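> Task: produce atomic coordinates for the following.
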Amino acid sequence: MPLPTRLSLLALALALAGCAGQPATRQARPPAITDQAPKGFLPGDPLRVAEADTATLAARMASDELSSARLTQAYLDRIAALDDAGPQLNAVIELNPNAVAEARALDEERKAGKLRGPLHGIPVLVKDNIDATPMVNSAGSLALAEHRPRHDAPLVAALREAGAVILGKTNLSEWANFRSGRSISGWSARGGLTRNPYVLDRSACGSSSGTGVAIAASLAAVGVGTETDGSILCPSAVNGLVGFKPTVGLVSRAGIIPISSSQDTAGPMARSVADAAQLLSVLAAAQAGGDDAAQAAVGKRVADYVGTLDADALHGARLGLLRDTGVKLPPEADAALQRALKAMRDAGATIVEVRMPGDGRWNAAEYQVMLYEFKHGLERYLRDSGAPVQTLDALIEFNRAHAAREMPYFGQDIFEQAAAKGSLKDPAYRKAAAQARQFAGAQGIDALLKRHKLDALIAPATAPAFMVDPVNGDAFGGASWGAAAVAGYPSLTVPMGEASGLPVGLAFMGRRWSDAQLLSLGYAFEQATQARTPPRYRLTLSP
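Sure thing, here's the model as predicted:
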């Protein structure tokens with residue numbers, strides 16, 4: 001049978017958004033397919049919030065030109081116009097019913113002379129695998145569609161303490177893309193399909209798909225994603241964002257539905273490096289909340305990551321350009337990479353072509369580690385949060401009983417493999433965990449940086465966004481961030497250009513606890529290139 005045509009793929013992709021659990025306004029279909037977004041797709045922007053950074057918004061609130069309540073309502077209006085109607089991005093899975101009231105309370109605090117920090121009154125969206133009251137935390141699954149945790153995750157509590165307005169929750173690849181090897185990035189049974197705002201029939205990648213799309217489309221000022229292996233970097237890269245995955249432990253993982261205690265972390269997704277650094281400053285200040293890795297990070301955190309940014313950070317830097325990462329760039333994307341490399345050399349960086357020692361040796365061990373840690377961590381989260389299902393076996397049975405809604409496009413083979421694993425005391429687990437860390441960390445990134453006297457590694461993050469294909473699943477374009485993910489080291493993606501209107505990002509990777517250094521290098525690159533462009537909401541690309 002021949003592959004589906006481009007138009008039939010789009011029709012199938014659009015149909016995904018009409019899955020059970022979606023409000024009626026999200027079941028409408030867009031107009032006939034054309035290259036450009038038709039008139040009426042883009043809403044007005046009377047308060048000039050589109051593309052506005054947090055520093056600008058904060059300055060406008062400080063001058064009484066804008067209030068947090070008006071700003072919050074402006075983002076809610078954009079969600080109604082772009083997420084529920086218009087191009088129907090389907091990025092926001094649930095709104096905080098108290099958002100406007102919380103914003104008004106913060107306005108009153110400002111009037112009384114109480115300013116909590118740079119994010120005071122700034123609306124933020126968080127991924128739907130992070131506990132944030134009074135909303136559901138579901139990982140996109142219908143099994144948790146009524147699961148309302150009693151407490152905020154520590155990172156959400158830190159955001160509120162810093163004065164941020166929690167605007168709502170974002171859709172994601174169901175179970176953070178850890179249910180099936182044939183999953184569709186950006187799709188969940190509860191939330192439907194999230195669409196890439198640059199070209200709507202292209203993938204938003206995952207698993208932090210909703211956060212990536214929402215922030216690209218200015219549905220909030222900044223957003224929080226989570227990553228185990230690429231779930232911040234990929235949706236950031238293909239949606240034209242800055243995405244930062246911190247060193248594991250820098251940000252508390254308590255109150256987050258887990259995959260891997262070795263690799264999981266939350267991190268900022270933003271339209272600029274400065275905004276990502278500002279958000280990270282708050283996230284890193286969260287209480288550990290029982291997270292051993294976060295407790296071990298005491299003394300490693302920087303109070304103000306914005307203050308460490310240096311527009312001249314590339315001057316004198318030695319960067320290793322990773323070759324043979326498996327990322328296959330089309331000619332236009334490769335041209336963007338060459339321009340990026342020239343800009344960095346012009347800014348005073350030395351770029352050395354390098355290859356990761358034993359690239360990919362960690363893959364088999366990583367997968368085994370994730371299977372073991374997923375079962376252990378998930379069941380602990382379900383019990384501790386009082387979820388309506390308590391075990392992985394119960395989730396598997398729920399999916400079987402509700403297969404028409406939960407598994408219309410792909411199954412749960414990863415769930416079933418994880419359910420068959422034993423405890424974290426198993427010798428097979430301990431061996432795999434040690435191998436993964438050693439291959440990716442000491443014998444991988446650390447060895448490469450030391451051998452070539454490098455400050456960081458760079459590479460194209462991934463290929464431009466692929467077509468949504470509910471029949472065959474994701475046609476993933478390769479990744480360069482794997483070693484950093486497995487080692488638990490920081491990684492960053494910054495926009496470096498476009499290919500046929502689809503964003504491409506440049507990834508930066510460094511040693512453990514080099515978070516501030518990576519952000520500064522990314523900031524210098526961003527200032528030198530200014531490569532990000534806003535989304536255009538095109539329905540498809542011309543053949």
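
> now the strands for this structure?
For the chain, the strands defined by DSSP state E cover 92-95, 123-127, 165-170, 187-188, 192-193, 222-227, 242-245, 265-270, 318-322, 350-354, 456-460, 491-499, 502-509.

> Output the contacting helices and strands for the second one.
In terms of contacts (3 or more C-beta pairs under 8 Å, 6 or more residues apart in numbering; DSSP states H and E), strand 123-127 is packed against helix 68-78, helix 154-161, strand 165-170, helix 209-216, strand 222-227. In this view, the C-beta of every residue, glycine as well, is placed from N, C-alpha and C.

> I'd like to check what contacts it. Which residues are they?
68, 71-72, 75, 92, 99, 103, 132, 156, 159, 164-170, 172, 208, 210-211, 214-215, 219-226, 266, 279 (C-beta atoms under 8 Å, 6 or more residues apart in numbering).

> and A442, how far is that from A189?
Distance, A442 to A189, by C-beta to C-beta, to the nearest Å: 40 Å.

> actually R195, not the one I typed
17 Å.

> Show me which of these two is the more surrounded one.
The neighbour count for R195 versus A189, taken as other C-beta atoms under 10 Å, is higher for R195 (31 against 24).

> Touching, the more buried one and V213? I think so.
Yes. At 6.9 Å, R195 and V213 qualify as touching, with contact defined as C-beta atoms under 8 Å.

> Scan the protein for its longest helix.
Longest helix in the chain, counting residues (DSSP state H): helix 363-384.

> Which parts of stretch 472-491 count as buried, going by neighbours?
Using 16 or more other C-beta atoms under 10 Å as the test for burial, stretch 472-491 gives 473-474, 476-477, 479-491.

> and what of stretch 149-156?
By neighbour count on 16+ other C-beta under 10 Å, the buried set for stretch 149-156 is 149, 152-156.

> that older thread, got any residues that touch both of R195 and V213?
89, 186, 204.

> what about A62, how many neighbours?
Close neighbours of A62, defined as other C-beta under 10 Å, add up to 13.

> can you tell me which residues contact it?
Residues near A62 by C-beta under 8 Å, 6+ apart: none.

> Under the pLDDT cut-off, which ranges of the stretch 1-150 of the chain? List them.
For the stretch 1-150 of the chain, applying pLDDT under 70 flags the ranges 1-36, 38-39.

> before we move on, the earlier item: which one, of the helices and strands packed on strand 123-127, ends up nearest to L142?
Across the helices and strands packed on strand 123-127, the minimum distance to L142, taken as C-beta to C-beta, is reached by strand 165-170, at 15.2 Å.

> pretty sure H452 contacts I351?
No. With contact defined as C-beta under 8 Å, H452 and I351 do not form a contacting pair (10.7 Å).

> what do these two both touch?
Listed as contacting both H452 and I351 by C-beta under 8 Å, 6+ apart are G320.

> check contacts around the spatially most central residue of the chain.
Closest to where the C-alpha atoms of the chain average out (C-alpha atoms, centre = their mean) is I232, at 3.0 Å. Contact analysis of I232 by C-beta under 8 Å, 6+ apart lists 208, 225-226, 243-245, 267, 269.

> Just want the phi and psi numbers for it.
phi -100, psi -50 (degrees, to the nearest 10).

> and the gap between it and P330?
24 Å.

> cool, Y523 as well?
Separation of Y523 from P330 (C-beta to C-beta): 28 Å.

> do the same with A58
According to C-beta to C-beta, A58 stands 39 Å off from P330.

> now do K421
According to C-beta to C-beta, K421 stands 39 Å off from P330.

> hang on, the earlier thing: so which of the helices and strands packed on strand 123-127 is nearest L378?
Smallest distance to L378 across these (C-beta to C-beta): 13.7 Å, for strand 222-227.

> List the strands paired with that closest one, with their directions.
Partner strands and pairing direction for strand 222-227 (DSSP bridges) are strand 123-127 (parallel), strand 265-270 (antiparallel).

> Make TSV from the ones you listed and add mean neighbour count to it.
Formatted as TSV, these follow (neighbours: other C-beta atoms under 10 Å):
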stretch	mean neighbour count
strand 123-127	30
strand 265-270	29
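
> Kindly reformat the ones you listed as CSV containing distance to M407.
Formatted as CSV, the strands paired with strand 222-227 follow (distance: least, C-beta to C-beta, whole Å):
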stretch, distance to M407
strand 123-127, 22
strand 265-270, 28
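
> re the thing from before, please identify which of A58 and P330 sits among more neighbours.
A direct count of neighbours by other C-beta under 10 Å for A58 and P330 places A58 higher, at 22 against 14.

> wait, isn't that one in contact with L115?
No. If you go by C-beta under 8 Å, A58 and L115 don't touch, sitting 9.3 Å apart.

> where does the chain dip in pLDDT?
In the chain, residues with pLDDT under 70: 1-36, 38-39.

> what residue of this structure is the furthest out?
Ranked by distance from the centre of the chain (C-alpha atoms, centre = their mean), the top residue is A112, with 35.8 Å.

> Against T54, how distant is it?
Counting by C-beta to C-beta, the gap from A112 to T54 is 22 Å.

> do the same with C205
C205 is 24 Å from T54, where distance means C-beta to C-beta.

> Looking at these two, which one has more neighbours?
Neighbour tally, C205 and T54, criterion other C-beta under 10 Å: the higher count belongs to C205, 32 against 24.

> Tell me which residues touch the closest residue in space to the more buried one that isn't next to it in sequence, please.
Nearest residue to C205, sequence neighbours excluded (C-beta to C-beta, 6 or more residues apart in numbering): C234, at 3.9 Å. By C-beta under 8 Å, 6+ apart, the contact set of C234 is 185, 205-206, 461-462, 479.

> Quick one: the residues you listed as CSV, columns for distance to F508 too.
Shown next, in CSV, are the contacts of C234 (distance: C-beta to C-beta, whole Å):
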residue, distance to F508
S185, 23
C205, 18
G206, 21
A461, 9
T462, 14
A479, 14
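
> Can you tell me which of these is nearest P495?
For the contacts of C234, the closest approach to P495 (C-beta to C-beta) belongs to A461, at 9.7 Å.

> burial of the closest one, as a residue count?
Neighbour count for A461, taken as other C-beta under 10 Å: 32.

> if I look at it, how far off is S236?
When distance is defined by C-beta to C-beta, A461 is 8 Å away from S236.

> which residues are in contact with both of those two?
By C-beta under 8 Å, 6+ apart, the residues touching both A461 and S236 are 493, 505.

> Quick check: nearest residue in space to A284, chain neighbours excluded?
Nearest to A284 is R301, by C-beta to C-beta, 6+ apart, at 4.7 Å.

> what's the distance between that neighbour and T54?
From R301 across to T54, the span is 20 Å (C-beta to C-beta).

> if you skip the residues just before and after it, what's nearest to P495?
Per C-beta to C-beta, 6+ apart, closest to P495 is R532, 4.0 Å.

> quick revisit: list of residues touching the longest helix of the chain?
Against helix 363-384 from outside (C-beta under 8 Å, 6+ apart): 178, 228-229, 256-264, 387, 389-392, 414, 417-419, 421-424, 426, 428-429, 431-433, 435-436, 439-440, 482, 486.

> Off-centre distance for stretch 364-374?
How far stretch 364-374 lies from its chain's middle: 21 Å, per C-alpha atoms, centre = their mean, to the nearest Å.

> repeat for stretch 295-314
20 Å.

> Quick check: the gap between the residue lying closest to A277 once chain neighbours are set aside and F476.
Once flanking residues are discounted, A277 sits nearest to Y305: 3.9 Å by C-beta to C-beta, 6+ apart. Counting by C-beta to C-beta, the gap from Y305 to F476 is 30 Å.
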